[in-house]
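Engineer: test case, fold it:
(2 chains)
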Protein chains: 2
Amino acid sequence: VLGLVSYPPLFNEPSIPADAKQRARAILDGCKGGSVGSYSDSAGIEVIRRHAAEYIQRRDGGIPADWQNIILSAGASGGIKVLMALLRCPINGKKPGVMIPIPQYPLYSATIAEFDMEQIGYYLDEANKWGLDIAELERSLKEARKTSAPRILVVINPGNPTGQVLSRSNIEDIIKFAQRERLVLFADEVYQDNVYENGSQFHSFKKVMMEMGEPYSKMELCSFMSCSKGYMGECGIRGGYAEIVNLCPDVRTMLLKCISAQLCPTTAGQAVLDCVVNPPRKGEPSYEQFEKEKASVLESLRERAELVARTFNSIEGFSCNPVQGAMYAFPQIRLPAKALEAAKKDGKPADTFYAFQLLEETGICIVPGSGFGQRPGTYHFRTTILPQPEKLKEMLGLFKSFHEKFLQKYK
Amino acid sequence: VLGLVSYPPLFNEPSIPADAKQRARAILDGCKGGSVGSYSDSAGIEVIRRHAAEYIQRRDGGIPADWQNIILSAGASGGIKVLMALLRCPINGKKPGVMIPIPQYPLYSATIAEFDMEQIGYYLDEANKWGLDIAELERSLKEARKTSAPRILVVINPGNPTGQVLSRSNIEDIIKFAQRERLVLFADEVYQDNVYENGSQFHSFKKVMMEMGEPYSKMELCSFMSCSKGYMGECGIRGGYAEIVNLCPDVRTMLLKCISAQLCPTTAGQAVLDCVVNPPRKGEPSYEQFEKEKASVLESLRERAELVARTFNSIEGFSCNPVQGAMYAFPQIRLPAKALEAAKKDGKPADTFYAFQLLEETGICIVPGSGFGQRPGTYHFRTTILPQPEKLKEMLGLFKSFHEKFLQKYK
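Structural biologist: Okay, here's the model as predicted:
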């Protein structure tokens, strides 16, 4: 940006649709000096924050979203970290506690450890499609209150690694619980486009909370979104946003101050996020191609989600909840007693022991359940549904025959 | 990246030089699935880390650089934060101390505060072109040892906001001091291309340290570079690297673990950094244009650096060191006693009071010295040399006449 700036020559390229050019121009016009090479505001480029607010408002059936409540970030992770940092101070000498699902996405446990906060795990209900049981929330909170000052309730919906999509009534109960217990809600909603199961539907915490009216509509909520998931999967570019609802204005001022030391999230990531929150509309030249590609990616993911769960359930000793959403299956495996012994001897958790053998014998890499947390004495693993269908079928075939041999070996 | 990947159509565009395409292809080949849409390794794309190591080795006259010591980051800031985080644990109940220059770039004070470390300021020697005086380092360290456990010595060279370029013998003395006092050196060298003054030359801490031989060549050093400065100025994209020399292998393992929770630095920023560390070479189609543009940007900055310092020195009550490097002037202003009184009455530091009046009357925005730190009782401000020459001349003219009126007003 140290030289003169003008629209790049691509704006004359006839093969790029006019609406795509118009979008690019709107972004560049929102950049200082008309270039993504400039620093943006620390909270992001205004026009993209406005598009994100409009996207949320459309998604939530017209419930207002204020663009000044949108903070653009390096993926969702960047937003989650900066908001958790804001709430990390000890309270009356007690560590602030963060309630997270078990199993959970390890960003949370890592960030909690980094910030010296207290991790409060609540178990998801595997017998109920990994749903969220309020009695379990209450148990875990009560337990945690003995040693820490709980501040945040993290909910991942659709779930990672568990793939559940929360029902509306479940979300209402969670909101009531958080309100009763004065917890700030962190809604990790990065998989909001990834809902596959018939009858399942994504409900944003913001929408449900607002529709419940006061006192719920006044609760503090942070919701996170990313361009790394959905039908986009542009994860390396690092685009994301946090919507911050009902945050005390003083705290918001402090938040803006905190993020300013890091200057700004990458403008390229912001621009990619704009593509997510400002997609082609009906009547625009790109609309049909966009809709077709989006539908085809999501339909293929739906098929893979179904294929993965069905195949795992056909394997002896496996049980897998339906992959209602997100990008993962998290099946439970019952391992023979001899395998448990061998793992113990080898100094590894049994699921890790199993994962290493699988990797060495087939080249298939799964993540053992112990990396995400699980009820003691149970064993799981996470696998993605992302490989292309042919590869996935081949992989599942190899997996199945490995498992048969494994059972034979440790019979 | 959820669909099929192939080289984008731009690879067929005849107006793009063949070597630029070859570079883009090398980067894409280094990305998973051949797309910047994929996550990279947390430390960055291997081929770009290798290019960065080769760049450092060329810069340092052949002294080896190991690509595994290169961590790509979101600008230099991302690297600085993650390495400072690694050293933030209290030592024997004492806060770890970070020695930073005063004046300093506020990223340091902000990060030190965020990590609850102890800020140890050492004053730069304004009377000696903002050089670094070892006796002052010793004074400040001795003082700081009473309350904290000093761990890190930060040196910004070329200086921000002060514009000095350290001499080789000054760097040798700093290295000896850090070795004697067992401090980890943080060399903020993001302005390594921005050296203007005749006779001034950039010497990297790595090169000097290695040429000094043992024990100095075994010291722990972190050096930071960015694509936000130099002749590039691509700051919004967030590309940077840290070179980490002689770090204990266990600590390096921990570092890689720490950064993995954040997944990866933006691939687009990594790609832009590649352009910096892997520039066109003699004989390649882009070489001449690249060299011409680079030389013209740097020559223009050199002229502006000279113009800014000369103009400020022509204003009554101003004294400005030569802008030997970087992108800023940091002149001292002597304010009349009546202005100091008026500022006090207004509840503002006198330099802030002055800056607000300047802003309101002329639209010129400067950053008061109190934002960077300065010796008590002195007043400074930072201004960049970045505006285009014509605008800069106009700005300096307005500034000068404002100052004359200001002196008149508070005579």
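
Engineer: secondary structure class for residue A:247?
Structural biologist: At residue A:247 the chain is in coil, as set by DSSP: H, G, I helix; E, B strand; the rest coil.

Engineer: for it, what are its contacts?
Structural biologist: Residue A:247 is in contact with A:69, A:220, A:222, A:255, counting by C-beta atoms under 8 Å, 6 or more residues apart in numbering or on different chains. (Glycine included, C-beta is placed from N, CA and C.)

Engineer: and residue A:108, by the same measure?
Structural biologist: So residue A:108 contacts A:80, A:98, A:100, A:119, A:154 (C-beta under 8 Å, 6+ apart).

Engineer: make TSV from the contacts of residue A:247 and add neighbour count to it.
Structural biologist: Below are the contacts of residue A:247 laid out as TSV (neighbours: other C-beta atoms under 10 Å in any protein chain shown):
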residue	neighbour count
A:69	24
A:220	18
A:222	28
A:255	20
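
Engineer: which of those residues lies closest to residue A:270?
Structural biologist: residue A:69 (16.4 Å; C-beta to C-beta).

Engineer: what about residue A:171, distance to residue A:301?
Structural biologist: 23 Å (C-beta to C-beta, to the nearest Å).

Engineer: have a look at these two and say which one is more surrounded.
Structural biologist: When residue A:171 and residue A:301 are compared for neighbours, residue A:301 comes out ahead with 24 against 21, by other C-beta atoms under 10 Å in any protein chain shown.

Engineer: buried set for the helix or strand containing the more buried one?
Structural biologist: Following DSSP states H and E, the helix or strand that holds residue A:301 is helix A:287-313. For helix A:287-313, the neighbour count (16 or more other C-beta atoms under 10 Å in any protein chain shown) marks A:290, A:294, A:297-298, A:300-302, A:304-305, A:307-309, A:311-312 as buried.

Engineer: among these, which are in reach of chain B?
Structural biologist: Subset of the buried residues of helix A:287-313 in contact with chain B: A:297, A:301, counting by C-beta under 8 Å from any C-beta of the partner chain.

Engineer: the bottom helix or strand of chain A by mean pLDDT?
Structural biologist: Within chain A, no helix or strand scores below helix A:249-260, which has a mean of 89 by mean pLDDT, DSSP states H and E.

Engineer: quick one: it near chain B?
Structural biologist: Yes - Helix A:249-260 lies within reach of chain B by C-beta under 8 Å from any C-beta, at residue A:258.

Engineer: export that helix to CSV, keeping only CA atoms.
Structural biologist: Extracted in CSV, the C-alpha atoms of helix A:249-260 (Å, rounded to 0.1, in the frame of the first residue of the first chain):
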residue,chain,number,x,y,z
PRO,A,249,-20.7,-1.0,27.1
ASP,A,250,-17.7,-0.6,29.4
VAL,A,251,-16.7,-4.1,28.7
ARG,A,252,-17.1,-3.6,25.0
THR,A,253,-14.8,-0.6,25.1
MET,A,254,-12.2,-2.7,26.9
LEU,A,255,-12.6,-5.5,24.3
LEU,A,256,-11.9,-3.0,21.5
LYS,A,257,-8.9,-1.8,23.4
CYS,A,258,-7.6,-5.4,23.9
ILE,A,259,-7.9,-6.3,20.3
SER,A,260,-6.2,-3.1,19.1
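
Engineer: counting contacts, what elements does that helix pack onto?
Structural biologist: helix A:75-86 (3 or more C-beta pairs under 8 Å, 6 or more residues apart in numbering or on different chains; DSSP states H and E).

Engineer: work out for me the element residue A:101 sits within.
Structural biologist: Residue A:101 belongs to strand A:95-102 when assigned by DSSP H and E.

Engineer: what's in contact with that strand?
Structural biologist: With C-beta under 8 Å, 6+ apart, strand A:95-102 has contacts from A:84, A:87-90, A:108-109, A:112, A:116-124, A:132, A:137, A:140-141, A:144, A:147-156, A:159, A:162, A:183, A:372-375.

Engineer: buried among the residues you listed? Make that a ChimeraX selection.
Structural biologist: In ChimeraX syntax, the buried subset of the contacts of strand A:95-102 is picked out as below (16+ other C-beta under 10 Å):
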select /A:84,87,88,108,109,112,117,118,119,120,121,122,123,124,132,137,140,141,144,148,149,150,151,152,153,154,155,156,159,162,183,372,373,374
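
Engineer: hmm, back to that, would you convert the contacts of residue A:108 into TSV that also reports distance to residue B:281 and pLDDT?
Structural biologist: Shown next, in TSV, are the contacts of residue A:108 (distance: C-beta to C-beta, whole Å; pLDDT from 0 to 100):
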residue	distance to residue B:281	pLDDT
A:80	42	95
A:98	51	97
A:100	51	96
A:119	51	95
A:154	50	97
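
Engineer: identify the farthest-apart pair in these.
Structural biologist: A:80 and A:119 (14.3 Å).

Engineer: show me what from the stretch 151-300 of chain A comes close to chain B.
Structural biologist: A:231-238, A:258, A:261-269, A:293, A:297.

Engineer: how about the nearest residue to residue A:348, chain neighbours excluded?
Structural biologist: Excluding the flanking residues, the one nearest residue A:348 by C-beta to C-beta, 6 or more residues apart in numbering or on different chains is residue A:356, at 7.1 Å.

Engineer: domain ranges for chain A?
Structural biologist: A:39-277, A:321-410 (the TED database).

Engineer: buried sites along the least confident helix or strand of chain A?
Structural biologist: Residues of helix A:249-260 classed as buried by neighbour count (16+ other C-beta under 10 Å): A:252, A:255, A:258-259.

Engineer: can I get these in TSV including distance to residue B:333?
Structural biologist: Shown next, in TSV, are those (distance: C-beta to C-beta, whole Å):
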residue	distance to residue B:333
A:252	35
A:255	34
A:258	31
A:259	31
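
Engineer: what's the burial count for the nearest residue to residue A:362 once chain neighbours are set aside?
Structural biologist: Leaving aside its sequence neighbours, residue A:362 sits nearest to residue A:398 (C-beta to C-beta, 6+ apart; 4.7 Å). Residue A:398: 15 surrounding residues under other C-beta under 10 Å.

Engineer: now residue A:398: which helix or strand?
Structural biologist: Per DSSP H and E: helix A:389-409 holds residue A:398.

Engineer: okay, now the unreliable bits of the stretch 1-150 of chain A?
Structural biologist: A:1-9 (pLDDT under 70).

Engineer: quick one: the helices in it, in order.
Structural biologist: A:18-29, A:46-59, A:75-86, A:106-114, A:134-145 (DSSP state H, counting those that start in this stretch).

Engineer: what angle separates the longest one from helix A:18-29?
Structural biologist: Here helix A:46-59 points in a direction 130 degrees away from that of helix A:18-29 (axes from the mean of the first three to the mean of the last three C-alpha atoms, to 10 degrees).

Engineer: wondering if helix A:46-59 reaches chain B at all.
Structural biologist: No - Helix A:46-59 lies out of reach of chain B by C-beta under 8 Å from any C-beta, never closer than 12.4 Å.

Engineer: and that helix, how far from the chain's centre?
Structural biologist: Taking C-alpha atoms, centre = their mean, to the nearest Å, one finds helix A:46-59 lying 19 Å from the centre of the chain it belongs to.

Engineer: list the buried residues of it.
Structural biologist: Result for helix A:46-59 [16+ other C-beta under 10 Å]: buried residues A:47-53, A:55-57, A:59.

Engineer: now, the most widely separated pair of those?
Structural biologist: Applying C-beta to C-beta across the buried residues of helix A:46-59, the maximum distance is between A:47 and A:59, 18.6 Å.

Engineer: now the stretch 301-411 of chain A against chain B: closest residue?
Structural biologist: Nearest residue of the stretch 301-411 of chain A to chain B (C-beta to the nearest C-beta) works out as residue A:386 at 7.1 Å.

Engineer: what's the closest residue to that residue other than its chain neighbours in contact with, if anything?
Structural biologist: Using C-beta to C-beta, 6+ apart and skipping residues adjacent in sequence, the residue nearest residue A:386 is residue A:327, 5.9 Å away. Listed by C-beta under 8 Å, 6+ apart, the contact set of residue A:327 reads A:160, A:163, A:191, A:194, A:229, A:301, A:384-386.

Engineer: could you redo the last one with a cut-off of 7 Å?
Structural biologist: Counting by C-beta atoms under 7 Å, 6 or more residues apart in numbering or on different chains, residue A:327 touches A:191, A:194, A:229, A:384-386.
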